[in-house]
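S.K.: The sequence and its predicted three-dimensional model are supplied below.
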Protein chains: 2
Amino acid sequence: MDYEIFELGDVTLQSGVMLPDAFLAYKTYGRLNADRSNAIVYPTAFGDRHHNNEWLIGEGMALDTEKYFIIVPNLLGNGLSSSPSNTPPPFDKSNFPQVTIFDNVRLQHQLVTRKFGIEKIALVTGWSMGALQTFQWGASYPDMVERIAPFAGTAKTWPHTFVFIEGVKAPLLADALWRNGNYTEPPTAGLRAIGRVYAGWGFSQAFYREESFRQLGYRTLNDFLAGFWDRSFLGLDANNLLAMLWTWQHADISANSMYCGDFEKALRSIKAHATVMPGRMDLYFTPEDSEYETRRIPNANFRPIESIWGHFAGRGINPDDTEFIAAQLKQILDVC
Amino acid sequence: MDYEIFELGDVTLQSGVMLPDAFLAYKTYGRLNADRSNAIVYPTAFGDRHHNNEWLIGEGMALDTEKYFIIVPNLLGNGLSSSPSNTPPPFDKSNFPQVTIFDNVRLQHQLVTRKFGIEKIALVTGWSMGALQTFQWGASYPDMVERIAPFAGTAKTWPHTFVFIEGVKAPLLADALWRNGNYTEPPTAGLRAIGRVYAGWGFSQAFYREESFRQLGYRTLNDFLAGFWDRSFLGLDANNLLAMLWTWQHADISANSMYCGDFEKALRSIKAHATVMPGRMDLYFTPEDSEYETRRIPNANFRPIESIWGHFAGRGINPDDTEFIAAQLKQILDVC
């Protein structure tokens, strides 16, 4: 096991449900300095685990382990932090409670403050659902977070993204083996089919037109669909996926008692320096939604990733995009 | 029965398979004039039937029944023309042969010439898969077709559209009731799920952001998903859908012995006056692909439908878009 567990005890979620013995799985990189001023929080994305974030972390890299103490908390529902797959009855499987992005960030805040005694965070950054958490950190803890750098993600789930996620769920729910979450064997046909649905959304039209999947080592479109996409959700637990998708569909930095649904106010309340990096051709976290939000954050720069890799421009698999994101992160970390 | 049947006899398809007793279902509107110079061909789109095209047809309308003789042939596989659902064994159900856009247009040509003795076609027009057929008419019969006006469709299925269709098929194939096409009861879970997948593709991000579904009488996003989308594929035959999707995925005006896969040559060979109308925010028949093609057709105008209704800008359900398309059709029909 290459990660730590932070025990949260009994946690009352935003929904009012009490989740007993909740826990966060996390990994840290680098060392916390004496005045605890060098912490970076870098939450994980949908279906990811901490190791998926490591492409930005290391000596001399954007998130430099020589300078910074990087905490990567795993998203609730991802199978390492509290999830349908690892919670005992009565909250196991499809009975796992609905968890919000706000819940995730509140519990990460407990990890950061109680475990490490950190009072200021130098930077929160993250991709996709990690970006949702990044914005939430800025809105939930405006006096604590000095910088945010969300990439390929927004401050709430906009309506079209909600619809796109309905389509992602659809084949799983249509698989008879799923049995409303009480499956006795994995609904593999549905899980595999999710990859086919996702394939058209993850990358842009231009990515496919120009056959950029060749850069990933796939010779043909069919190789890419079978090799990259069909397996991407196959090993994951169906209830875990559905729990994370619920979290995603209901994300909104203002959906809490701090902001009472006033999204504009929540955006205005973010005090952090912000570098917002949508993918120019992202089909669901669109640059238009991102620009709308960025304009309302007082101290924010809009820095689109000029790439045809769509949402996956933020995945760390295209060197040009990685270079751009890394440069932006270095730049914002130099801002006082 | 509000349509006619044209018996084609035994038809050898592009694939080499002989389909016995093939037939086209079609409906005509208006009257063929004495010199047979006023014919318009207006093929149907994926999952549609002739009546779905009627929003452009009528007295004083864009396709004016006082002036023109409009022939609407039903797409092979749509349940009215030869289809998996209406073909006897051994070519019934999942054994129905693979039919191309080229095949469709060749058989429509037989209808037009043998049944009606038409030698010149004033206009071919169509939406989506109807546009694929429109381009094919222009490339297959360059000396016969005087004008083409494809809307929200392209001259071939570009790679991303192929991938999007993979996602449309995915939930149906994941439904255990489907049984590789040998279902004994309809795979309703899969058919319903197709609507959820399609919902994100049919309309643009902006359409959902601005809640334009309210113009269709739906009060909430969930009403729209349940009322518009969940039922849209539910009554259709699964093998028919898959047959049409195969046709769609393999569309290419140059995929035949006339052009031997030389797409540029096929585009250059279109002699018709062309008005090409992509939806500006169409997520699968993209304006970029459409512009690429239009530039290569010698006598073509590029006229995007400036709309947030995405692919469904060409569906005849948004008055502004309908007005634009109608005006373009009237204009091209006036060109000598």
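M.R.: Nice, thanks for sending it over. Numbering: from 1, shown residues only, chains lettered A, B, ... in the order given.
S.K.: Okay, buried residues for the lengthiest strand in chain A please.
M.R.: As assigned by DSSP state E, the longest strand anywhere in chain A is strand A:18-29. By 16 or more other Cβ atoms under 10 Å in any protein chain shown, the buried positions in strand A:18-29 come out as A:19, A:22-29. Quick note: C-beta positions are derived from backbone N, CA and C, even for glycine.
S.K.: Over to stretch A:77-90?
M.R.: Of the residues in stretch A:77-90, those buried by neighbour count under the rule 16+ other Cβ under 10 Å are A:77-87.
S.K.: Residue B:66: which of these is nearest?
M.R.: Among the buried residues of stretch A:77-90, residue A:77 lies closest to residue B:66 (Cβ to Cβ), at 62.5 Å.
S.K.: Give me the distance between the closest one and residue A:316.
M.R.: Per Cβ to Cβ, to the nearest Å, residue A:77 is found 22 Å from residue A:316.
S.K.: Residue A:152 now?
M.R.: For residue A:152, the distance to residue A:316 equals 11 Å [Cβ to Cβ].
S.K.: Mutual contacts of those two, please.
M.R.: Overlap of the contact sets of residue A:152 and residue A:316 (by Cβ atoms under 8 Å, 6 or more residues apart in numbering or on different chains) is empty.
S.K.: out of these two, which sits in the more crowded spot?
M.R.: Neighbours per residue, other Cβ atoms under 10 Å in any protein chain shown: of residue A:152 and residue A:316, the larger number sits with residue A:152, 30 against 17.
S.K.: Compute the number of surrounding residues for the closest residue to residue A:142 other than its chain neighbours.
M.R.: In this structure, residue A:142 finds its nearest non-sequential neighbour in residue A:271, 4.3 Å apart by Cβ to Cβ, 6 or more residues apart in numbering or on different chains. Residue A:271 has 18 neighbours, counted by other Cβ under 10 Å.
S.K.: Which helix or strand contains residue A:271?
M.R.: Under the assignment given by DSSP states H and E, residue A:271 is not contained in any helix or strand.
S.K.: Tell me who's in contact with it.
M.R.: A:138, A:142-143, A:145, A:298-299.
S.K.: Could you tell me which of those belong to helices?
M.R.: Among the contacts of residue A:271, DSSP state H puts residue A:138 in helices.
S.K.: Show me the strands in chain A, by range?
M.R.: A:4-12, A:18-29, A:39-41, A:57-58, A:63-64, A:69-73, A:123-127, A:147-151, A:273-276, A:300-302.
S.K.: quick one: which of the contacts of residue A:271 has the most company?
M.R.: residue A:138 leads the contacts of residue A:271 on contacts (other Cβ under 10 Å) with 30 neighbours.
S.K.: Check the gap between that residue and chain B for me.
M.R.: 22 Å (Cβ to the nearest Cβ, to the nearest Å).
S.K.: Tally up the residues packed near the closest residue to that residue other than its chain neighbours, please.
M.R.: Of all residues not flanking residue A:138 in the chain, residue A:270 sits nearest, at 4.0 Å (Cβ to Cβ, 6+ apart). By the criterion of other Cβ under 10 Å, residue A:270 has 26 neighbours.
S.K.: Can you give the domain ranges for chain A?
M.R.: A:4-158+A:251-333, A:162-241 (automatic domain parsing).
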